[in-house]
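[1] following is a predicted model, sequence given first.
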Amino acid sequence: MVTGPAPPAPVPKVSARGLGVRFHGVPALSGVDLDVAPREILGIIGPAGSGKTSFLRAINRMDEFIPGMEIEGSLSLDGRDVRRFRNLYALRRRVGVVFPLPVGLPLSVYDNVALSPRLSGVRGKDELDGIVEKCLRRAALWDEVRDRLDTLGSLLSGGQQQRLTIARALSQSPDLLLLDEFSIAVDPVTTMRIEDVLRELREEVTIILVTNLVQQARRVADRTAFFLTGEMVEVGPTEALFEGGARDPRTTDYIEGRFG
Amino acid sequence: MFQPTPVDLRNRAREGLVRWLLLGLTLVIILPVLLILGVLAWKGTPALSLEFLFTEPREAMTAGGILPALVGTVWLVAVALLASVPVGVAAAVYLSEYAPDNALTRIINLAIMNLAGVPSIVHALFGVGAFVYFFRFGTSILAASLTLAVMSLPVIIVSTREALQAVPRAFREACWAMGATRWQTIRHVVLPNSVSGILTGVILEVAHTAGETAPIMFTGAAFFVPFLPEGIHDQTMALSLHLFIISTQVPGVPEPVPFAVALVLISLVMSMNAASIWVRTRLRRRKKW
Ligand SMILES: Nc1ncnc2c1ncn2[C@@H]1O[C@H](COP(=O)(O)OP(=O)(O)O)[C@@H](O)[C@H]1O
Ligand SMILES: [Mg+2]
């Protein structure tokens, strides 16, 4: 199922060196050194408050919208420092994000998926139709909504909304996908379907999967990182980590559920 | 098996009590409104007629109709809204979506709150100084409407801001994360989902604006103008001022006439409200999350 560490690539998709995040001066994350290879799935596990979401927010520069958030150290996407990106909107369009709670925007299902292409200037009806169908198919939602593309996205079931969110993220044609505890409000069957979707997407997209389910990392991640109280304790091949090969005893404790 | 416990019984009794109490208080509020409407309808209807609505006053306003005042009020309200809604909504959007949370923003918010409490006669004096003399609009619909607009700005800003803040932040974050700018997010997600709330504030101000007398008295509304306004630089009659004048300043006005004028004013306000409520429900049908 899992093939071990991705082969080292010349330019990592994401590269963090001494990365830290502060909120109003209080560190939420510090000293993270981490490379994510192109087209790997990196799992991030760790208890609540350990800085996982902050890490994702640093990558797509949400500090623009979060008062008091500061990024320190270096963080690059395809070798370009995200802190030097002039056009943050272009940066964010390359990075799809899926949030913990499904966010179906109060627009029709169609408009949810077509919004991002429209915002970046796609106008043709045929082209939009094509994008919408393709993204909904890839998010394994098309068959359930093809007949009601004009119902409100916010009225779908939680599991459907979460797949809608994935379709919306894909509509940006991102080359990096960030998922933040996507299964928190989703039933187990939908969770499995989304995990299948992720395994397929891996052919084209790099994925960082923050998860509250340790076993989910085991099922889908090539490598897994363990965050704890604002630090990255370690990162390694998922297989090794879960087979008792963790270097730090805290990692093993967390994985095996022996954690306070 | 499911015997109510004493606590259940007490809660049930309390529930009933609270319910009746709330209903009672609601009726107490509605009662005066119904009484007013009833008295106006009863005493005013005899004077109402198409002629009353569509002719000009005659014989020193003791006879004839109220057309210039009716048309004047519509002008005043419309021009006031044209000025206050765009400015108020823009200010609210800035305060809710762009302004950093700092001392300056807080002072501005406080100032807006205080502005809402300024008595209308003070607005009137401000309007005379600012619009009639300083900007040299003279006593005109423009000056009067701008005075009314300034008066209604605080309410429009506050209610619009509340409506914007009612849109969950998660929607904004989802939009920003897609690479949308703040404005794109506002335009496509925030505003469409807050129009109904914004309209609520506007509706309140329509009524408020149409009924005010003091702010227009010195700025553009006149005692008697025997023709219809042709533009915003004309003076005009207005229902509220006309009502004030015929009930206090003009001898020999038949008794039903002031009631009829009040009835027309209230009907005008209520039909404007009804129209906005209709628009609002149509818009709200789309808003669900
Ligand atoms: N917007 C914010 N303002 C202030 N503190 C925050 C904010 N977001 C997160 N934090 C703090 O940063 C720390 C890490 O949070 P987070 O990255 O959300 O952790 P995780 O996703 O692992 O649960 C927590 O202590 C949290 O309280
Ligand atoms: Mg989190």
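    Done, it's in. The structure presented is a predicted model; accordingly, all values stated were derived computationally and were not measured. Numbers count the residues shown, from 1 in each chain, chains lettered A, B, ... in the order given. Ligands and ions are numbered 1, 2, ... in the order given.
[2] what confidence value was assigned to residue 62?
    You didn't say which chain, so I picked chain A. Per-residue confidence (pLDDT) for residue A:62: 95.
[3] think we crossed wires, I meant chain B
    For residue B:62, pLDDT reads 75.
[4] can you report how many residues lie near it?
    14 (other C-beta atoms under 10 Å in any protein chain shown). C-beta coordinates here come from the backbone N, C-alpha and C atoms, glycine included.
[5] list the residues that contact residue 156.
    All of this refers to chain A. With contact taken as C-beta atoms under 8 Å, 6 or more residues apart in numbering or on different chains, residue A:156 is in contact with A:104, A:109, A:145, A:164.
[6] actually it's chain B I care about, not the one you picked
    B:84-85, B:88-89, B:92, B:201-202, B:205.
[7] repeat that for 6 Å
    Residue B:156 is in contact with B:84, B:88, B:201, B:205, counting by C-beta atoms under 6 Å, 6 or more residues apart in numbering or on different chains.
[8] among those, show me the least confident.
    Least confident of the contacts of residue B:156 in the model: residue B:201, at 85.
[9] three-state assignment of that one?
    helix (DSSP: H, G, I helix; E, B strand; the rest coil).
[10] residue contacts, it?
    By C-beta under 6 Å, 6+ apart, residue B:201 lies in contact with B:155-156, B:159-160.
[11] closest one to chain A out of those, please.
    Taking C-beta to the nearest C-beta as the measure, chain A sits nearest to residue B:160 out of the contacts of residue B:201, at 18.3 Å.
[12] and the next element down the chain from the strand or helix carrying that closest one?
    Assessed by DSSP states H and E, residue B:160 sits inside helix B:141-165. Remark: after helix B:141-165, the chain's next helix or strand is helix B:169-177, criterion DSSP H and E.
[13] sorry, back to before: next step: the contacts of residue B:156 restricted to helices.
    B:84, B:88, B:201, B:205 (DSSP state H).
[14] ok, the second one - how many residues close by?
    Using other C-beta under 10 Å, residue B:88 has 27 neighbouring residues.
[15] next, the spatially most central residue of chain A: phi, psi?
    Against the mean C-alpha coordinate of chain A, by C-alpha atoms, centre = their mean, the closest residue is residue A:178 at 1.5 Å. Dihedral angles of residue A:178 (phi, psi; degrees, to the nearest 10) stand at phi -110, psi 120.
[16] dump the residue contacts of it.
    Counting by C-beta under 6 Å, 6+ apart, residue A:178 touches A:56, A:97, A:208.
[17] for the residues you listed, which one is nearest residue A:113?
    Residue A:113 lies nearest to residue A:97 out of the contacts of residue A:178, by C-beta to C-beta, at 14.8 Å.
[18] that closest one against residue B:176, yeah?
    No - assessed by C-beta atoms under 6 Å, residue A:97 is found out of contact with residue B:176, at 9.3 Å.
[19] now narrow the ones in helices among the contacts of residue B:156 to whatever sits close to ligand 1.
    Subset of the ones in helices among the contacts of residue B:156 in contact with ligand 1: empty, counting by C-beta under 6 Å from any ligand atom.
[20] now the helices: where do they sit in the stretch 151-260 of chain A?
    For the stretch 151-260 of chain A, the helices defined by DSSP state H, counting those that start in this stretch cover A:158-170, A:188-201, A:214-220, A:238-240, A:249-255.
[21] residue ranges with poor pLDDT in the chain?
    Just so you know, I chose chain A. Applying pLDDT under 70 to chain A flags residues A:1-10, A:259-260.
[22] let's do chain B instead
    Ranges of chain B meeting pLDDT under 70: B:1, B:285-289.
[23] tell me where it has helices.
    Remark: helices assigned in chain B by DSSP H are B:6-44, B:50-54, B:67-93, B:103-115, B:120-127, B:141-165, B:169-177, B:182-185, B:195-211, B:214-217, B:239-248, B:256-284.
[24] now the longest one and helix B:256-284, what's the angle there?
    In terms of direction (axes from the mean of the first three to the mean of the last three C-alpha atoms, to 10 degrees), helix B:6-44 departs from helix B:256-284 by 130 degrees.
[25] quick check: buried residues in helix B:6-44?
    Applying a neighbour-count criterion of 16 or more other C-beta atoms under 10 Å in any protein chain shown, one finds B:40, B:43-44 buried in helix B:6-44.
[26] same check, this time on stretch B:268-287
    Buried, per 16+ other C-beta under 10 Å, within stretch B:268-287: B:268-269, B:272, B:276-277, B:280, B:283, B:287.
[27] enumerate every residue touching the spatially most central residue of chain B.
    In chain B, the C-alpha nearest the mean C-alpha coordinate belongs to residue B:205, at 1.6 Å (C-alpha atoms, centre = their mean). Taking C-beta under 6 Å, 6+ apart, we find residue B:205 in contact with B:152, B:155-156.
[28] what is the nearest of those to ligand 1?
    When the contacts of residue B:205 are compared for distance to ligand 1 (C-beta to the nearest ligand atom), residue B:156 wins out at 30.8 Å.
[29] what's the closest non-adjacent residue to the closest one?
    residue B:88 (3.3 Å; C-beta to C-beta, 6 or more residues apart in numbering or on different chains).
[30] tell me who's in contact with the one you found.
    Residue B:88 makes contact with B:153, B:156-157 under the criterion C-beta under 6 Å, 6+ apart.
[31] try 10 Å
    Shown in contact with residue B:88 (C-beta atoms under 10 Å, 6 or more residues apart in numbering or on different chains): B:81, B:112, B:149, B:152-161, B:198, B:201-202, B:205.
[32] show me which positions of the helix or strand harbouring residue A:144 end up buried.
    Applying DSSP H and E as the criterion places residue A:144 in helix A:142-145. Residues A:142, A:144-145 are the ones in helix A:142-145 that count as buried (16+ other C-beta under 10 Å).
[33] residue A:96 - that's part of a strand, no?
    Yes - the assignment for residue A:96 is a strand, going by three-state DSSP.
[34] ok, what's across the strand from it?
    Beta-bridge pairing for residue A:96 (DSSP bridges): residue A:177.
[35] and it, how many neighbours does it have?
    Around residue A:96 there are 29 residues (other C-beta under 10 Å).
[36] quick one on the thing from earlier: what's the closest of the buried residues of helix B:6-44 to residue B:213?
    When the buried residues of helix B:6-44 are compared for distance to residue B:213 (C-beta to C-beta), residue B:40 wins out at 17.2 Å.
[37] neighbours of the nearest residue to that closest one once chain neighbours are set aside, how many?
    In space, and not counting its chain neighbours, residue B:40 is closest to residue B:263: 4.6 Å by C-beta to C-beta, 6+ apart. Residues lying near residue B:263 (other C-beta under 10 Å) number 21.
[38] and residue B:263, what is it in contact with?
    B:37, B:39-45, B:47-48, B:256.
[39] so which of the buried residues of stretch B:268-287 would you say is closest to ligand 1?
    residue B:287 (27.0 Å).
[40] about what we covered before: how near is the residue nearest to the centre of chain A to residue A:42?
    Noted for residue A:178: a distance of 10 Å to residue A:42, by C-beta to C-beta, to the nearest Å.
[41] which neighbours do these two have in common?
    Here residue A:178 and residue A:42 have A:14, A:206-210 as joint contacts, going by C-beta under 10 Å, 6+ apart.
[42] where does residue A:44 land in three-state SS?
    Look at residue A:44: counting by three-state DSSP, its state is strand.
[43] state the distance from it to residue A:254.
    Counting by C-beta to C-beta, the gap from residue A:44 to residue A:254 is 12 Å.
[44] identify the contacts common to these two.
    Here residue A:44 and residue A:254 share the contacting residues A:50, A:226-227, scored by C-beta under 10 Å, 6+ apart.
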